[in-house]
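K.L.:
Next one to model:
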Amino acid sequence: MRQRTKAFFLTVVLCAFSLTLWAQATVKVGVLLPLKEQSARGMTFIEFYRGLLMAVDQVKQEGTNIDLYAFDCGTSETSMRQTLANPQLASVNVIFGPADAVQVASLSEYCKQHRIRMVLPFNTPCSQVHTNPWIYQVGVAQELLYPGISTLVMKDLQNSNFVFYHSGEKDERGESFSNHLMQVLRLSNMQTTTLAAGGDEYAYDRAFNQFRQNVVISDNRSLSSLNKMLAGIKDYQARYPQYKIVLFGYPEWLTYAQTMIRDYYQFDTRIFSAYYRNPLSGRVVKFEQRYRDNFGSQSRLSYPRAESLGYDLGYYFMHGLATLGPDRFETMQGTLEQQPLQHTFRFERLGTENGGFANINVQLVHYTTNNTIQIVR
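P.N.:
This next block holds a predicted model:
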(Lines give C-alpha, C1' and ligand atoms only; values in the text may rest on other atoms or scores of the structure.)
Protein backbone atom coordinates (compact mmCIF):
# COMPACT_ATOMS: atom_id res chain seq x y z
CA MET A 1 0.00 0.00 0.00
CA ARG A 2 2.85 2.37 0.93
CA GLN A 3 4.65 1.56 -2.33
CA ARG A 4 1.55 2.31 -4.39
CA THR A 5 1.04 5.59 -2.51
CA LYS A 6 4.71 6.51 -3.01
CA ALA A 7 4.52 5.65 -6.73
CA PHE A 8 1.36 7.72 -7.14
CA PHE A 9 2.94 10.67 -5.33
CA LEU A 10 6.05 10.41 -7.51
CA THR A 11 3.87 10.38 -10.65
CA VAL A 12 2.04 13.51 -9.52
CA VAL A 13 5.34 15.26 -8.77
CA LEU A 14 6.77 14.31 -12.16
CA CYS A 15 3.63 15.52 -13.97
CA ALA A 16 3.68 18.79 -12.04
CA PHE A 17 7.37 19.21 -12.82
CA SER A 18 6.83 18.58 -16.54
CA LEU A 19 3.96 21.07 -16.65
CA THR A 20 6.12 23.62 -14.84
CA LEU A 21 8.86 23.12 -17.40
CA TRP A 22 6.39 23.68 -20.23
CA ALA A 23 4.90 26.75 -18.55
CA GLN A 24 8.37 28.26 -18.67
CA ALA A 25 8.74 27.43 -22.38
CA THR A 26 7.98 29.76 -25.27
CA VAL A 27 4.82 29.63 -27.36
CA LYS A 28 5.60 30.53 -30.97
CA VAL A 29 2.86 32.17 -33.00
CA GLY A 30 2.63 33.00 -36.70
CA VAL A 31 0.22 35.46 -38.33
CA LEU A 32 -0.23 35.19 -42.11
CA LEU A 33 -2.68 37.80 -43.35
CA PRO A 34 -2.68 40.55 -46.03
CA LEU A 35 -1.80 43.16 -43.41
CA LYS A 36 -0.83 45.82 -45.96
CA GLU A 37 -4.10 45.68 -47.87
CA GLN A 38 -5.59 49.17 -48.18
CA SER A 39 -9.33 48.53 -47.92
CA ALA A 40 -12.13 48.03 -45.42
CA ARG A 41 -11.26 44.33 -45.44
CA GLY A 42 -7.63 45.22 -44.80
CA MET A 43 -8.70 47.26 -41.77
CA THR A 44 -10.49 44.18 -40.44
CA PHE A 45 -7.20 42.28 -40.55
CA ILE A 46 -5.38 45.12 -38.77
CA GLU A 47 -8.03 45.19 -36.02
CA PHE A 48 -7.83 41.41 -35.66
CA TYR A 49 -4.04 41.65 -35.37
CA ARG A 50 -4.29 44.40 -32.76
CA GLY A 51 -6.61 42.24 -30.66
CA LEU A 52 -4.14 39.38 -31.03
CA LEU A 53 -1.33 41.65 -29.78
CA MET A 54 -3.41 42.46 -26.69
CA ALA A 55 -3.83 38.73 -26.07
CA VAL A 56 -0.05 38.32 -26.37
CA ASP A 57 0.38 40.99 -23.72
CA GLN A 58 -2.10 39.27 -21.40
CA VAL A 59 -0.47 35.83 -21.74
CA LYS A 60 2.95 37.38 -21.15
CA GLN A 61 1.64 38.96 -17.95
CA GLU A 62 0.63 35.46 -16.86
CA GLY A 63 4.27 34.33 -17.15
CA THR A 64 4.53 32.82 -20.63
CA ASN A 65 7.07 33.86 -23.23
CA ILE A 66 5.56 34.52 -26.66
CA ASP A 67 7.45 34.76 -29.94
CA LEU A 68 5.24 36.36 -32.58
CA TYR A 69 6.05 36.28 -36.30
CA ALA A 70 3.69 38.40 -38.41
CA PHE A 71 3.92 38.44 -42.20
CA ASP A 72 2.01 40.20 -44.93
CA CYS A 73 1.27 37.17 -47.12
CA GLY A 74 -0.57 39.05 -49.87
CA THR A 75 -3.63 37.48 -51.49
CA SER A 76 -2.23 35.05 -54.08
CA GLU A 77 -0.94 31.50 -53.90
CA THR A 78 2.45 32.71 -55.14
CA SER A 79 2.80 35.28 -52.36
CA MET A 80 1.82 32.64 -49.80
CA ARG A 81 4.48 30.22 -51.04
CA GLN A 82 7.06 33.01 -50.90
CA THR A 83 6.06 33.74 -47.29
CA LEU A 84 6.33 30.07 -46.32
CA ALA A 85 9.93 30.03 -47.51
CA ASN A 86 10.84 31.92 -44.30
CA PRO A 87 12.54 29.34 -42.03
CA GLN A 88 11.18 30.97 -38.84
CA LEU A 89 7.70 29.65 -39.56
CA ALA A 90 8.68 25.97 -39.49
CA SER A 91 8.98 25.93 -35.68
CA VAL A 92 5.83 27.83 -34.66
CA ASN A 93 3.07 26.16 -32.64
CA VAL A 94 0.13 27.89 -34.31
CA ILE A 95 -0.52 30.03 -37.39
CA PHE A 96 -3.50 32.40 -37.72
CA GLY A 97 -4.53 32.67 -41.38
CA PRO A 98 -5.01 32.83 -44.25
CA ALA A 99 -7.94 35.04 -45.26
CA ASP A 100 -8.11 34.11 -48.96
CA ALA A 101 -9.34 30.75 -50.20
CA VAL A 102 -6.70 30.57 -52.93
CA GLN A 103 -4.00 30.40 -50.24
CA VAL A 104 -5.59 27.69 -48.10
CA ALA A 105 -4.19 24.65 -49.92
CA SER A 106 -0.56 25.84 -49.74
CA LEU A 107 -0.73 26.72 -46.04
CA SER A 108 -2.65 23.53 -45.23
CA GLU A 109 0.04 21.42 -46.89
CA TYR A 110 2.77 23.31 -45.01
CA CYS A 111 1.07 23.00 -41.62
CA LYS A 112 0.38 19.31 -42.11
CA GLN A 113 4.01 18.69 -43.02
CA HIS A 114 5.35 20.63 -40.01
CA ARG A 115 2.56 19.65 -37.56
CA ILE A 116 1.50 23.26 -36.99
CA ARG A 117 -2.00 24.29 -35.94
CA MET A 118 -3.60 26.33 -38.73
CA VAL A 119 -6.39 28.54 -37.40
CA LEU A 120 -8.80 30.11 -39.90
CA PRO A 121 -10.24 33.17 -38.09
CA PHE A 122 -12.62 34.27 -40.84
CA ASN A 123 -15.23 32.62 -43.04
CA THR A 124 -12.63 31.33 -45.48
CA PRO A 125 -13.76 28.26 -47.46
CA CYS A 126 -11.61 25.25 -46.55
CA SER A 127 -12.35 21.76 -47.84
CA GLN A 128 -9.03 20.61 -46.33
CA VAL A 129 -10.54 20.75 -42.83
CA HIS A 130 -11.96 17.28 -43.51
CA THR A 131 -8.54 15.77 -44.27
CA ASN A 132 -5.99 17.79 -42.28
CA PRO A 133 -6.02 17.17 -38.49
CA TRP A 134 -4.09 20.40 -37.83
CA ILE A 135 -6.76 22.79 -39.13
CA TYR A 136 -9.09 24.77 -36.86
CA GLN A 137 -12.00 26.53 -38.57
CA VAL A 138 -13.71 29.27 -36.55
CA GLY A 139 -16.43 30.44 -38.95
CA VAL A 140 -18.36 27.37 -40.09
CA ALA A 141 -21.37 26.80 -42.32
CA GLN A 142 -24.63 27.55 -40.51
CA GLU A 143 -25.84 24.01 -41.19
CA LEU A 144 -23.16 22.62 -38.84
CA LEU A 145 -24.79 24.58 -36.01
CA TYR A 146 -28.32 23.27 -36.60
CA PRO A 147 -28.11 20.29 -34.18
CA GLY A 148 -26.85 22.51 -31.36
CA ILE A 149 -29.50 25.14 -32.01
CA SER A 150 -32.29 22.56 -32.04
CA THR A 151 -31.08 21.14 -28.73
CA LEU A 152 -31.03 24.60 -27.12
CA VAL A 153 -34.51 25.40 -28.44
CA MET A 154 -36.04 22.22 -27.03
CA LYS A 155 -34.26 22.74 -23.70
CA ASP A 156 -35.00 26.45 -23.23
CA LEU A 157 -38.45 26.62 -24.82
CA GLN A 158 -39.97 23.29 -23.97
CA ASN A 159 -43.78 22.96 -23.76
CA SER A 160 -44.19 25.89 -26.15
CA ASN A 161 -46.34 26.25 -29.23
CA PHE A 162 -43.93 26.92 -32.12
CA VAL A 163 -45.44 29.20 -34.77
CA PHE A 164 -43.57 29.12 -38.10
CA TYR A 165 -44.14 32.41 -39.88
CA HIS A 166 -44.04 32.38 -43.69
CA SER A 167 -42.97 35.85 -44.80
CA GLY A 168 -43.62 35.34 -48.51
CA GLU A 169 -40.15 36.80 -49.21
CA LYS A 170 -37.27 34.75 -50.60
CA ASP A 171 -34.47 33.92 -48.16
CA GLU A 172 -32.82 30.55 -48.77
CA ARG A 173 -30.84 30.44 -45.52
CA GLY A 174 -33.84 31.50 -43.44
CA GLU A 175 -36.07 28.95 -45.14
CA SER A 176 -33.44 26.23 -44.72
CA PHE A 177 -33.18 26.84 -40.98
CA SER A 178 -36.92 27.17 -40.29
CA ASN A 179 -37.68 24.02 -42.30
CA HIS A 180 -35.00 22.09 -40.43
CA LEU A 181 -36.21 23.25 -37.01
CA MET A 182 -39.84 22.49 -37.86
CA GLN A 183 -38.90 18.95 -38.87
CA VAL A 184 -36.86 18.37 -35.69
CA LEU A 185 -39.64 19.70 -33.44
CA ARG A 186 -42.29 17.59 -35.14
CA LEU A 187 -40.15 14.45 -34.84
CA SER A 188 -39.85 15.27 -31.13
CA ASN A 189 -43.66 15.61 -30.84
CA MET A 190 -43.50 19.34 -30.11
CA GLN A 191 -46.54 21.42 -30.97
CA THR A 192 -46.06 23.37 -34.22
CA THR A 193 -48.35 25.57 -36.29
CA THR A 194 -47.91 27.91 -39.26
CA LEU A 195 -48.87 31.52 -39.95
CA ALA A 196 -48.64 33.29 -43.30
CA ALA A 197 -47.86 36.98 -43.68
CA GLY A 198 -51.01 39.03 -44.22
CA GLY A 199 -53.21 36.52 -42.45
CA ASP A 200 -56.49 37.71 -40.93
CA GLU A 201 -57.57 37.43 -37.31
CA TYR A 202 -58.78 33.87 -37.79
CA ALA A 203 -55.35 32.85 -39.11
CA TYR A 204 -53.79 34.17 -35.90
CA ASP A 205 -56.47 32.40 -33.82
CA ARG A 206 -55.58 29.09 -35.49
CA ALA A 207 -51.83 29.64 -35.09
CA PHE A 208 -51.64 30.84 -31.48
CA ASN A 209 -52.37 28.89 -28.30
CA GLN A 210 -53.89 30.72 -25.35
CA PHE A 211 -52.57 28.18 -22.83
CA ARG A 212 -48.93 27.96 -23.94
CA GLN A 213 -46.26 30.49 -24.79
CA ASN A 214 -46.14 30.97 -28.54
CA VAL A 215 -42.65 31.04 -30.07
CA VAL A 216 -42.70 32.76 -33.46
CA ILE A 217 -39.98 31.73 -35.94
CA SER A 218 -39.76 33.54 -39.27
CA ASP A 219 -38.34 32.10 -42.48
CA ASN A 220 -36.70 35.44 -43.28
CA ARG A 221 -33.75 37.21 -41.62
CA SER A 222 -34.22 40.76 -42.94
CA LEU A 223 -35.13 43.82 -40.88
CA SER A 224 -38.00 44.75 -43.20
CA SER A 225 -39.53 41.29 -42.83
CA LEU A 226 -39.10 41.44 -39.06
CA ASN A 227 -40.93 44.77 -38.87
CA LYS A 228 -43.81 43.48 -41.01
CA MET A 229 -44.13 40.41 -38.82
CA LEU A 230 -44.07 42.49 -35.64
CA ALA A 231 -46.77 44.81 -36.92
CA GLY A 232 -49.20 41.92 -37.21
CA ILE A 233 -48.17 40.37 -33.88
CA LYS A 234 -48.50 43.66 -32.00
CA ASP A 235 -51.92 44.31 -33.48
CA TYR A 236 -53.13 40.86 -32.46
CA GLN A 237 -51.66 41.04 -28.95
CA ALA A 238 -53.19 44.48 -28.39
CA ARG A 239 -56.61 42.87 -28.89
CA TYR A 240 -55.76 39.66 -27.04
CA PRO A 241 -53.19 40.50 -24.33
CA GLN A 242 -53.67 37.13 -22.63
CA TYR A 243 -51.51 35.48 -25.29
CA LYS A 244 -47.85 35.01 -24.39
CA ILE A 245 -45.72 35.62 -27.52
CA VAL A 246 -41.96 35.06 -27.82
CA LEU A 247 -39.72 35.86 -30.80
CA PHE A 248 -36.97 33.54 -31.99
CA GLY A 249 -34.47 35.03 -34.44
CA TYR A 250 -31.29 34.84 -36.43
CA PRO A 251 -27.73 36.15 -35.84
CA GLU A 252 -28.50 39.01 -38.25
CA TRP A 253 -31.06 40.26 -35.73
CA LEU A 254 -28.21 41.21 -33.39
CA THR A 255 -27.22 43.90 -35.87
CA TYR A 256 -30.70 45.43 -35.55
CA ALA A 257 -30.59 45.58 -31.74
CA GLN A 258 -29.91 49.31 -31.52
CA THR A 259 -33.26 50.11 -33.13
CA MET A 260 -35.23 46.99 -32.15
CA ILE A 261 -34.17 46.44 -28.55
CA ARG A 262 -37.50 47.58 -27.02
CA ASP A 263 -39.34 45.03 -29.13
CA TYR A 264 -36.78 42.36 -28.26
CA TYR A 265 -37.36 42.98 -24.55
CA GLN A 266 -41.14 43.14 -24.97
CA PHE A 267 -41.32 39.79 -26.72
CA ASP A 268 -38.79 37.92 -24.55
CA THR A 269 -36.68 37.39 -27.67
CA ARG A 270 -34.10 34.64 -28.21
CA ILE A 271 -31.53 35.00 -30.98
CA PHE A 272 -29.21 32.15 -31.87
CA SER A 273 -25.60 33.03 -32.62
CA ALA A 274 -22.09 31.61 -32.53
CA TYR A 275 -20.87 34.76 -30.76
CA TYR A 276 -22.09 37.73 -28.73
CA ARG A 277 -20.42 40.90 -27.48
CA ASN A 278 -22.28 42.55 -24.62
CA PRO A 279 -21.50 46.30 -24.82
CA LEU A 280 -22.51 46.70 -21.16
CA SER A 281 -20.04 44.08 -19.88
CA GLY A 282 -17.36 45.52 -17.62
CA ARG A 283 -14.68 43.37 -19.28
CA VAL A 284 -15.72 44.59 -22.72
CA VAL A 285 -15.71 48.24 -21.62
CA LYS A 286 -12.22 47.91 -20.08
CA PHE A 287 -10.86 46.07 -23.11
CA GLU A 288 -12.14 48.69 -25.52
CA GLN A 289 -10.67 51.46 -23.38
CA ARG A 290 -7.28 49.71 -23.45
CA TYR A 291 -7.66 49.31 -27.22
CA ARG A 292 -8.17 53.07 -27.58
CA ASP A 293 -5.22 53.78 -25.29
CA ASN A 294 -2.95 51.37 -27.18
CA PHE A 295 -3.83 52.26 -30.75
CA GLY A 296 -5.30 55.76 -30.53
CA SER A 297 -8.55 54.91 -32.27
CA GLN A 298 -11.99 53.47 -31.68
CA SER A 299 -12.71 50.07 -33.16
CA ARG A 300 -15.18 50.06 -36.02
CA LEU A 301 -18.78 48.95 -35.66
CA SER A 302 -18.77 45.47 -37.18
CA TYR A 303 -20.31 42.04 -36.54
CA PRO A 304 -18.37 40.35 -35.14
CA ARG A 305 -15.85 42.85 -33.81
CA ALA A 306 -12.50 41.93 -35.34
CA GLU A 307 -10.33 43.07 -32.43
CA SER A 308 -12.42 41.06 -29.94
CA LEU A 309 -12.15 38.00 -32.18
CA GLY A 310 -8.38 38.49 -32.34
CA TYR A 311 -8.14 38.69 -28.56
CA ASP A 312 -10.43 35.75 -27.82
CA LEU A 313 -8.87 33.48 -30.42
CA GLY A 314 -5.30 34.46 -29.59
CA TYR A 315 -5.83 33.99 -25.87
CA TYR A 316 -7.56 30.64 -26.36
CA PHE A 317 -4.64 29.14 -28.26
CA MET A 318 -1.71 30.86 -26.54
CA HIS A 319 -3.03 30.34 -23.01
CA GLY A 320 -4.11 26.80 -23.90
CA LEU A 321 -0.73 25.86 -25.34
CA ALA A 322 1.01 27.45 -22.37
CA THR A 323 -1.03 25.60 -19.75
CA LEU A 324 -1.66 22.26 -21.46
CA GLY A 325 1.45 21.96 -23.60
CA PRO A 326 1.50 21.23 -27.35
CA ASP A 327 1.30 17.47 -26.88
CA ARG A 328 -1.92 17.61 -24.84
CA PHE A 329 -3.68 20.56 -26.43
CA GLU A 330 -5.84 18.61 -28.91
CA THR A 331 -7.08 16.12 -26.31
CA MET A 332 -7.43 18.50 -23.35
CA GLN A 333 -8.64 21.78 -24.89
CA GLY A 334 -12.19 21.07 -23.72
CA THR A 335 -11.00 21.66 -20.15
CA LEU A 336 -9.94 25.26 -20.80
CA GLU A 337 -11.92 27.85 -18.86
CA GLN A 338 -13.14 30.67 -21.05
CA GLN A 339 -14.18 34.22 -20.22
CA PRO A 340 -14.47 35.61 -23.73
CA LEU A 341 -15.17 39.15 -24.82
CA GLN A 342 -17.21 37.88 -27.76
CA HIS A 343 -16.41 34.33 -28.93
CA THR A 344 -16.68 31.10 -26.98
CA PHE A 345 -14.95 28.18 -28.69
CA ARG A 346 -16.07 24.56 -28.77
CA PHE A 347 -13.93 22.87 -31.33
CA GLU A 348 -14.93 19.37 -32.41
CA ARG A 349 -13.11 17.13 -34.83
CA LEU A 350 -14.89 16.56 -38.12
CA GLY A 351 -15.24 12.92 -39.12
CA THR A 352 -12.28 10.63 -38.47
CA GLU A 353 -9.02 11.32 -36.63
CA ASN A 354 -7.66 12.63 -39.94
CA GLY A 355 -10.15 15.50 -39.93
CA GLY A 356 -9.58 18.95 -38.52
CA PHE A 357 -11.64 20.91 -36.02
CA ALA A 358 -14.68 23.15 -36.44
CA ASN A 359 -16.05 25.57 -33.87
CA ILE A 360 -19.62 24.39 -33.33
CA ASN A 361 -20.36 26.60 -30.33
CA VAL A 362 -23.81 28.15 -30.45
CA GLN A 363 -25.83 30.02 -27.86
CA LEU A 364 -29.08 31.90 -27.40
CA VAL A 365 -28.94 35.62 -26.68
CA HIS A 366 -32.00 36.15 -24.49
CA TYR A 367 -33.51 39.64 -24.24
CA THR A 368 -35.69 39.19 -21.15
CA THR A 369 -38.86 41.05 -20.28
CA ASN A 370 -36.92 42.45 -17.29
CA ASN A 371 -34.78 44.43 -19.74
CA THR A 372 -31.69 42.30 -19.18
CA ILE A 373 -29.62 40.18 -21.56
CA GLN A 374 -28.74 36.60 -20.70
CA ILE A 375 -26.72 33.97 -22.57
CA VAL A 376 -28.23 30.49 -22.75
CA ARG A 377 -25.87 27.61 -23.53
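
K.L.:
Excluding sequence neighbours, find me the nearest residue to residue 348.
P.N.:
residue 360 (5.4 Å; CB to CB, 6 or more residues apart in numbering). The way it works is simple: take the backbone N, C-alpha and C, and place the C-beta from them, glycine included.

K.L.:
tell me the pLDDT at that neighbour?
P.N.:
Model confidence at residue 360, given as pLDDT, is 95.

K.L.:
burial of it, as a residue count?
P.N.:
18 (other CB atoms under 10 Å).

K.L.:
That one contacts residue 349, doesn't it?
P.N.:
No - assessed by CB atoms under 8 Å, residue 360 is found out of contact with residue 349, at 10.5 Å.

K.L.:
and the residue nearest to residue 348, what are its phi and psi?
P.N.:
When quoted as degrees, to the nearest 10, the phi and psi of residue 360 stand at phi -100, psi 20.

K.L.:
can you pull the contacts of it?
P.N.:
140, 144, 145, 148, 346, 347, 348 (CB atoms under 8 Å, 6 or more residues apart in numbering).

K.L.:
Could you measure from it over to residue 140?
P.N.:
7 Å (CB to CB, to the nearest Å).

K.L.:
Now name the helix or strand holding the nearest residue to residue 218 once chain neighbours are set aside.
P.N.:
Once flanking residues are discounted, residue 218 sits nearest to residue 165: 4.5 Å by CB to CB, 6+ apart. According to DSSP states H and E, residue 165 maps onto strand 161-166.

K.L.:
With residue 63 instead?
P.N.:
Short version, using DSSP H and E: residue 63 is in no helix or strand.

K.L.:
so after the helix or strand harbouring residue 330, what's the next helix or strand?
P.N.:
Element membership for residue 330 (DSSP H and E) is helix 329-332. Scanning forward in sequence from helix 329-332 by DSSP H and E, the next helix or strand is strand 347-349.

K.L.:
Now do that following strand, average pLDDT.
P.N.:
On average, strand 347-349 scores 96.

K.L.:
What segments of the stretch 151-300 of the chain are strands?
P.N.:
Here the stretch 151-300 of the chain has its strands, by DSSP state E, counting those that start in this stretch, at 161-166, 191-196, 214-218, 245-249, 270-273.

K.L.:
With respect to residue 82, which of those lies nearest?
P.N.:
Closest to residue 82 of those is strand 270-273 (CB to CB; 37.8 Å).

K.L.:
Can you list the strands that the closest one pairs with?
P.N.:
Sheet partners assigned to strand 270-273 using DSSP bridges are listed as strand 245-249 (parallel), strand 363-367 (antiparallel).

K.L.:
Now tell me what touches the last one from outside.
P.N.:
Outside strand 363-367, the residues that touch it by CB under 8 Å, 6+ apart are 152-153, 156, 254, 261, 264-265, 268-274, 276, 344, 373-377.

K.L.:
just stretch 299-314 next, same as before
P.N.:
29, 43-45, 47-56, 58-59, 96, 119, 121, 138, 251, 254-255, 275, 277, 284, 287-288, 291, 340-343, 345.

K.L.:
Which member of the contacts of residue 360 is positioned nearest residue 65?
P.N.:
Once CB to CB is applied, the member of the contacts of residue 360 that ends up nearest residue 65 is residue 347, at 24.7 Å.

K.L.:
how about the closest one, what does it touch?
P.N.:
Contact analysis of residue 347 by CB under 8 Å, 6+ apart lists 136, 333, 357, 358, 359, 360.

K.L.:
Residue 143 now?
P.N.:
residue 176.

K.L.:
Can you pull the phi/psi pair for it?
P.N.:
phi -60, psi -30.

K.L.:
Residue 95 now?
P.N.:
When quoted as degrees, to the nearest 10, the phi and psi of residue 95 stand at phi -120, psi 130.

K.L.:
My guess is it contacts residue 33. True?
P.N.:
No - look at residue 95 against residue 33 with CB under 8 Å: they stay out of range, at 10.1 Å.

K.L.:
surely residue 223 meets residue 256?
P.N.:
Yes - counting by CB under 8 Å, residue 223 does reach residue 256; the two are 5.1 Å apart.

K.L.:
higher neighbour count, the two?
P.N.:
residue 256 (18 against 14).

K.L.:
Surely the more buried one touches residue 222?
P.N.:
No - counting by CB under 8 Å, residue 256 does not reach residue 222; the two are 9.4 Å apart.

K.L.:
Mind listing residues that contact stretch 315-335?
P.N.:
By CB under 8 Å, 6+ apart, stretch 315-335 touches 18-19, 22-23, 25, 27, 29, 55-56, 58-59, 62, 64, 66, 93-94, 117, 119, 133, 336, 338, 345-347.

K.L.:
What segments of the stretch 101-250 of the chain are helices?
P.N.:
Here the stretch 101-250 of the chain has its helices, by DSSP state H, counting those that start in this stretch, at 104-114, 146-156, 172-187, 201-207, 223-239.

K.L.:
Serialize those helices to TSV and add fields for distance to residue 369 and mean pLDDT.
P.N.:
Listed next are these as TSV, based on distance: least, CB to CB, whole Å; pLDDT from 0 to 100:
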stretch	distance to residue 369	mean pLDDT
helix 104-114	45	98
helix 146-156	15	96
helix 172-187	23	97
helix 201-207	21	97
helix 223-239	13	97
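
K.L.:
From residue 306, how far out is residue 324?
P.N.:
In terms of CB to CB, residue 324 sits 27 Å off from residue 306.

K.L.:
who has more neighbours, the two?
P.N.:
Set residue 324 next to residue 306 and count neighbours by other CB under 10 Å: residue 306 wins out with 23 against 18.

K.L.:
Excluding covalently adjacent residues, which one is nearest to that one?
P.N.:
residue 47 (3.8 Å).
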